[in-house]
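Visitor: Task: produce atomic coordinates for the following.
(one chain, ligands or ions: 2)
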Amino acid sequence: MSMEKHAWWKEAVVYQIYPRSFADSNGDGIGDLNGITAHLDYLKQLGVDVIWVSPIYASPNDDNGYDISDYRAIMAEFGTMEDFDRMLEGIHARGMKLVMDLVANHTSDEHAWFVESRKGRDNPYRDFYIWRDGKDGGAPNNWGSCFSGSAWEYDAASGQYYLHLFSRKQPDLNWANPKVRDAVFDMMKWWCDKGIDGFRMDVISMIGKENYDDGPVAPGALYGSFIPSCQHTETTHRYLREMRRRVLDRYDLLTVGEAGGGTADAIRYSSVDGSELNMTFGFEHTDDINDHTELGKWSDHGSPLAEVRAVLNRWQTDLQGKAWGTSYMSNHDQPRQVSRFGNDSPLWREKSAKMLGTLLHMMRGTVFVYQGEELGMTNAYFKSLDDYRDVEVFNAWKQWVESGRIHPQDMLRWYGRIARDNARTPMQWDASANAGFTTGTPWIRVTPNYLEINAEAEVRDPDSVFHYYRKLIALRHRHPIVVYGDYVPLLTDDPQVYAFRRELDGETLTVLCNWTDRTAPCALSDESTGEEWISNYPEHKPGFLFPYEARVLWKKA
Ligand code: TEU
Ligand code: CA
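Guide: Numbering: from 1, shown residues only. Ligands and ions are numbered 1, 2, ... in the order given. Have a look, this model is predicted:
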């Protein structure tokens, strides 16, 4: 008998929209809010419960909206506040909910607070950000930013440096200043009072800076790590508990922290005691699996079954009974999951996309689907630097290629594998020009395979990845075992098969996924394991799984 407490946000399937790339309603080549509103019926047909929109606030777009210049205004390119109200109304009218991105570790350097702060040491907003004197003629400490280069920017006018853990146009807010916390909490309440249903909290694990000591320098690295001083600190937990009391507890919200860390960290952020957040995103199966060289994520390192499975099994079992979690493999910061964990060749794309979908939807934790994932969209594999738009790509190019340390061909290959723009190409709506995304020139190139992979074709085809996702979501809604069942790893050393069981009140669900392009022996693939709920193959070979075969078998004890 599972003791899991029921909650709507545990049962929900969330669909992430990257607004810039979703749908353009006015031909300027940039996705917008009216574009989203025009496609709400599509999302309703898919069956998702919640829509999370990446930032739609006013922004100079140094980091596509993750650099906010006004938290209470809509980005001009995306529309107006009236467009927002209409979108929210359309979402609610269809029985869905809206989660907003809360980017409050930093603002844009064009935010009025920073414009003031920069005016000088005596400005009342100086302390809204983190200003320090230099040391020995250089930056205050050795920290590197997440987007290459130093984490400190020198300001000649005042002779001080400000901290930016991301781009230099993203100065970090000083959460130690109670006025900053008041301002952020007021802003959150303002959106909640407007009727939104939750927050996805950007790098929320970094808001509490504990000290400004030099960080450890990995062999071959150019900068020190800020992690010991800034990640998962006690200070961050204190701010989150304050946020919970002062804001979150007054509403009925879905809250998900972009946090990373280990399972012990996740258990603190999203403990069943309800003191901080509902759930977090772990990075161990996405970001951390890459970090094997001084170049960070830029490498040829793949995502082998043994590594991914060990991580996911650990997260699934460690959190059980202690914290709620998330189930995802894709977002706007990761490459396309079918290209990364599956097989995007024409022969296996569809099978492997369905197999990965099976795994994600049958796990414990709130499921997050990233736009286009339900179509099996693939990486963009841009051939030239000119095709990229991401500040992370350009900064890494400066640091590693222009300095002569890395050969351009190597870097371009790594970009093709792991760069964020792979997931930011326009949503593939139909086979018309620009995949039906825009009548103008898209801000980033459309992936040429839209002629075969697009929503219009998949909605028409009952065997498509789209309809398979629709069925998976429906199963989750219909059967409590999928949401609340315990998770038990199976076949943990199998070289080809990812398998696990869910258990609830005498029912069991056995989930079998072949991660390879070869038939795999699997004793559990047999009618005695249970009655089949869903599979990506119409027929089976008892005792085996076909390439990328997925099966879900249900049994009452
Ligand atoms: O990402 C946080 C984060 O840790 C990133 O460094 C992420 O790991 C990286 O993009 C992978 O290459 C969040 C947002 O999701 C991201 O889009 C923003 O750029 C970033 O914060 C700054 O706001
Ligand atoms: Ca537009």
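Visitor: Quick one: classify the residue nearest the centre of the chain as helix, strand or coil.
Guide: For the chain, Asn331 is the residue whose C-alpha lies nearest the centre (CA atoms, centre = their mean; 3.7 Å). Using DSSP: H, G, I helix; E, B strand; the rest coil, the structure places Asn331 in coil.
Visitor: Correct me if wrong: it contacts Val369.
Guide: No: contact criterion CB atoms under 8 Å: Asn331 and Val369 do not qualify, at 9.9 Å. Placement of C-beta: from N, CA and C, glycine included.
Visitor: how about the helix or strand harbouring Ala266: buried residues?
Guide: Assigned by DSSP states H and E, Ala266 belongs to helix 263-269. By 16 or more other CB atoms under 10 Å, the buried positions in helix 263-269 come out as Thr263, Asp265, Ala266, Ile267, Arg268, Tyr269.
Visitor: cool, stretch 411-420 as well?
Guide: Met411, Leu412, Trp414, Tyr415, Gly416, Arg417, Ile418, Ala419, Arg420.
Visitor: name the element the spatially closest residue to Arg309 that is not a sequence neighbour belongs to?
Guide: In space, and not counting its chain neighbours, Arg309 is closest to Tyr498: 5.3 Å by CB to CB, 6 or more residues apart in numbering. Using DSSP H and E, Tyr498 sits in strand 497-504.
Visitor: Tell me the helix or strand right after that strand.
Guide: Going down the chain from strand 497-504, the next helix or strand is strand 507-514, by DSSP H and E.
Visitor: What's the mean pLDDT across that next one?
Guide: Across strand 507-514, pLDDT averages out at 98.
Visitor: same thing with stretch 279-287?
Guide: On average, stretch 279-287 scores 95.
Visitor: So that stretch, near ligand 1 or not?
Guide: Yes: interface with ligand 1: stretch 279-287 contributes Asp287 (CB under 6 Å from any ligand atom).
Visitor: end to end, how far does that stretch reach?
Guide: Distance between the two ends of stretch 279-287: 18 Å, counting by CA to CA, to the nearest Å.
Visitor: How about the contacts made by the closest residue to Pro521 other than its chain neighbours?
Guide: Leaving aside its sequence neighbours, Pro521 sits nearest to Phe544 (CB to CB, 6+ apart; 5.8 Å). If you count contacts by CB atoms under 8 Å, 6 or more residues apart in numbering, Phe544 has them with Thr519, Ala520, Pro521, Cys522, Ser525.
Visitor: Nearest to ligand 1 among those residues?
Guide: Relative to ligand 1, the closest of those is Ala520; by CB to the nearest ligand atom it sits at 31.9 Å.
Visitor: who touches that closest one in this structure?
Guide: Applying CB under 8 Å, 6+ apart, the residues contacting Ala520 are Asp494, Gln496, Val497, Asn514, Phe544, Leu545.
Visitor: hmm, 7 Å instead?
Guide: Gln496, Val497, Asn514, Phe544, Leu545 (CB atoms under 7 Å, 6 or more residues apart in numbering).
Visitor: and if you look at Ile51?
Guide: Applying CB under 7 Å, 6+ apart to Ile51 gives the contacts Tyr15, Ile17, Leu43, Ile91, Met96, Leu98, Val99.
Visitor: and if you look at Val393?
Guide: Tyr415, Ala419, Asp421.
Visitor: And for Tyr328?
Guide: Tyr328 neighbours (CB under 7 Å, 6+ apart): Phe281, Leu360, Phe368.
Visitor: Could you measure from it over to Leu356?
Guide: Taking CB to CB, to the nearest Å as the measure, Tyr328 and Leu356 are separated by 11 Å.
Visitor: And Glu82, by the same measure?
Guide: 39 Å.
Visitor: Out of the buried residues of stretch 411-420, which is nearest to Pro219?
Guide: Of all those, Pro219 sits closest to Trp414, with 19.3 Å by CB to CB.
Visitor: Are we agreed that the closest one is in a helix?
Guide: Yes: checked against three-state DSSP, Trp414 lies within a helix.
Visitor: and the residue nearest to it when sequence neighbours are not counted, how many neighbours?
Guide: Distance criterion CB to CB, 6+ apart; nearest residue to Trp414, sequence neighbours excluded, is Trp298 at 4.3 Å. By the criterion of other CB atoms under 10 Å, Trp298 has 23 neighbours.
Visitor: quick one: contacts for Trp298?
Guide: Contacts of Trp298 (CB under 7 Å, 6+ apart): Ala396, Met411, Trp414.
Visitor: do that again at 8 Å, thanks
Guide: Trp298 neighbours (CB under 8 Å, 6+ apart): Ala396, Trp400, Ile406, Met411, Trp414, Tyr415, Ile418.
Visitor: Can you give the domain ranges for the protein?
Guide: Segmentation of the chain into domains, based on automatic domain parsing, reads 14-103+336-385+420-478, 112-163, 484-556.
Visitor: As TSV, those with distance to ligand 1 would be great.
Guide: Output for the domains of the chain, formatted as TSV (distance: least, CB to the nearest ligand atom, whole Å):
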stretch	distance to ligand 1
domain 14-103+336-385+420-478	3
domain 112-163	4
domain 484-556	23
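Visitor: starting at the chain centroid, how far to stretch 30-46?
Guide: 19 Å (CA atoms, centre = their mean, to the nearest Å).
Visitor: Tell me the buried residues in it?
Guide: 30-37, 39-40, 42-44, 46.
Visitor: In helices only, show me those.
Guide: Among the buried residues of stretch 30-46, the ones falling in helices (DSSP state H) are Leu33, Asn34, Gly35, Ile36, Thr37, Leu40, Tyr42, Leu43, Lys44, Leu46.
Visitor: now, among these, which is nearest to Tyr161?
Guide: Once CB to CB is applied, the member of these that ends up nearest Tyr161 is Leu33, at 37.3 Å.
Visitor: pretty sure the closest one is in contact with Phe84, am I right?
Guide: Yes: when contacts are counted by CB under 8 Å, Leu33 is listed as touching Phe84 (5.8 Å).
Visitor: Between the two, which contacts overlap?
Guide: Here Leu33 and Phe84 share the contacting residues Ile56, Ile74, scored by CB under 8 Å, 6+ apart.
Visitor: Could you verify that Ala396 is part of a helix?
Guide: Yes: according to three-state DSSP, Ala396 belongs to a helix.
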